[in-house]
Structures are given as structure tokens and as C-alpha cells.
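[1] Need the 3D shape of this:
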Amino acid sequence: MEKFQDLNLSNAFLFAATAQDPEACRAILQIVLEREIPQVNVHAEHTVLFSSDYRMIRLDVYGEDEMDVQYNIEMQNQNEGNLPHRARYHHAEMDVSSLKPGMNFRDLRPSYVIFICTFDPFGEGLYRYTFTRQCKEADISLEDDTCTIYFNTKGKNPEDVSEELIEFMAYLEESTDESVRDGATDNIKLLHKKVKQVKQNADLEAKYMTGEDLLRWSKAEGKAEGKAESILVVLASKYEVSDELREKILCQTDISVLDEWIVLAANATSIEDFISKSSI
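    Numbers count the residues shown, from 1 in each chain. Next up, the predicted model:
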């Protein structure tokens, strides 16, 4: 597992943790949309979220600006071939949350779904792919106030995008002091400042370690010893684990019990809390 301090902003966890900050989120939006964005409110409950179902780890960022425009931003490092359908889901999710009973459909707020990819999602070599709903038979825009944008850090058309966007794409993949040149824009400088602050946050570092272990465990083949080891890694990332407790966890072979313990380990507020709830 890559060390938290060595992560680049292209890492989905670090990106989500950084973009939880309203100033950082606004800076990202201003860079990728290439325009001034009003003050942004970020819904923190949508990011870096570990649910009671250990398989669900959410790392997208949901925010809205002062003009009631909604944004969903997500960092993508693997092309699983489902981004268009993910965009459809995110747009629907924002619509459902914004339309209250009794409201008119015309009250639906404008929404942007933004994927920032470290690969080319459509193979055309572009830094940016923008999609709005258009009639196939005539030059008519549906004008439903939805927009989906895919960014590619490896684009090859610098003449079509801003210099700041190109700089941001490079910074995502190398988020170091050296990569932030003296002439960097205010948005890039602010982002780098926020990234360094996040890396100093011990709680977020523990969440990162927990999340990586949960992801690795959820992909395991179901071997009891592998699950037990994952539980120990999660606990050890936050608390001191005694030899006695370690032995009891390693000796457990019941898969259903280990399934329960991995959830308890991820959500425990102390080692005593884990022991009490797991009845070890």
C-alpha cells in the first residue's frame, strides 16, 4: 500500500479528502470549468464515507454553489467501462435530493457530473469531453440543465484548453513542492496548500489505511486467515493490539464472525469498544 504522505492528488482518497474543503472544491471547479465559481458548500457526508456495509466506500464529492448549481466530482484511475452509467446515477441522485414534494419539475437545479480520469475514457486524445443532451434528428438542445464532463490527464490537445487546466492535470499526477512552479496560478497554489494540510491530518491518514485494507479484504477469496489479518491491520492502524487479542483474532475460523469483526474494527472508537462489541 502506498504511504499516505507519498500520495498524489490523483489518488481517489486524497482527492476526495482535499475536495471536502470548500475552498479546494471551488478551486478545482474554477480550473476545470475555466470560469469563476461562487462560494461552494460541500456536503461532507458524501465523501470519504465508510458505511456499515464494508464493501461500500464512497469517494465522490458533492457540492453546490451560491447560484444553486449542483456538482458531483469524482477521481477515476481505472476504466471499468461504466462511467456513462455512473454519470446517469449521479445526475438522478442530485435530482432526487433537490426536488422536494410539491415542487415543479422546472425547479430542478442545474447539475454537473465531473469525472477526472488518469486515462483517456473515449480514446480521442482530448483533455476534456463535454456532454449535453442533443437531438439526433435536428440541431436542438434539450436544455435540461444537465452536463457531464470527462477529463483526461493525458490529453494531447493543449491548444483547446487553458494553460491552468494543463498545469492542473500535471499536478494531479505529481503533487509535490517541486511540481508547483513559481508562476503557478492561485488555484494551483491553494490546492497544494490544502493537499499538504490533509497529509498532516492523522485521522484522515487512519481512514486511508482503513479504507485500503477494507478494499483489499473485500476482494479477497474468503480465506479466514486473510480476513483475520485484515482485521488486525485495521485495528493496529488506530490502536495498540495486545498479543492476547491478536491470537484470539487469528484463531477465529468462522467466516461469518470475521465478517462481523471487520465492520466492528472499521467503526470502533477504541480497542475496548471493539473487544466489547465483538465479545472476544
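[2] Report the buried residues of stretch 259-268.
    261, 262, 263, 264, 265, 266, 267, 268 (16 or more other C-beta atoms under 10 Å). Backbone N, C-alpha and C define where each C-beta goes, glycine included.
[3] Return the distance of that stretch from the chain's centre.
    How far stretch 259-268 lies from its chain's middle: 22 Å, per C-alpha atoms, centre = their mean, to the nearest Å.
[4] For it, the averaged confidence score.
    Stretch 259-268 carries an average pLDDT of 85.
[5] Put the alpha carbons of that stretch into CSV.
    C-alpha atoms of stretch 259-268 as CSV (Å, rounded to 0.1, in the frame of the first residue of the first chain):
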residue,chain,number,x,y,z
ASP,A,259,-17.3,-10.7,8.6
GLU,A,260,-18.8,-9.0,11.6
TRP,A,261,-15.5,-8.2,13.2
ILE,A,262,-14.1,-6.4,10.1
VAL,A,263,-17.1,-4.0,10.3
LEU,A,264,-16.6,-3.5,14.0
ALA,A,265,-12.9,-2.9,13.6
ALA,A,266,-13.5,-0.2,11.0
ASN,A,267,-16.0,1.6,13.2
ALA,A,268,-14.6,1.0,16.6
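[6] hang on, the earlier thing: looking at the buried residues of stretch 259-268, which is nearest residue 158?
    The closest of the buried residues of stretch 259-268 to residue 158 turns out to be residue 266 (C-beta to C-beta; 43.0 Å).
[7] what about the closest one, which helix or strand?
    For residue 266, the element it lies in under DSSP states H and E is helix 255-267.
[8] residues making contact with the host helix or strand of residue 17?
    Here residue 17 sits within helix 12-19, counting by DSSP H and E. Defining contact as C-beta atoms under 8 Å, 6 or more residues apart in numbering, one finds that helix 12-19 is touched by 4, 7-9, 24-25, 28, 42, 47-48, 59-61, 73-77, 116, 172, 175, 191, 194-195, 198-199, 201, 204, 207-208, 211-212.
[9] Now, of those, which are buried?
    4, 7-9, 24-25, 28, 42, 47-48, 59-61, 73-76, 116, 172, 175, 191, 194-195, 198-199, 204, 207-208, 211-212.
[10] Among these, which lie within helices?
    If you go by DSSP state H, the buried ones among the contacts of helix 12-19 have 24-25, 28, 172, 191, 194-195, 198-199, 204, 207-208, 211-212 in helices.
[11] Which residue ranges make up each domain of the chain?
    4-201, 220-278 (automatic domain parsing).
[12] Number of residues surrounding residue 257?
    17 (other C-beta atoms under 10 Å).
[13] Renumber starting at 26 from here on
    Will do, 26 is the new start, and the previous item becomes residue 282.
[14] Least confident of the domains of the chain, on average?
    For these, where the average pLDDT is lowest is domain 245-303, sitting at a mean of 84.
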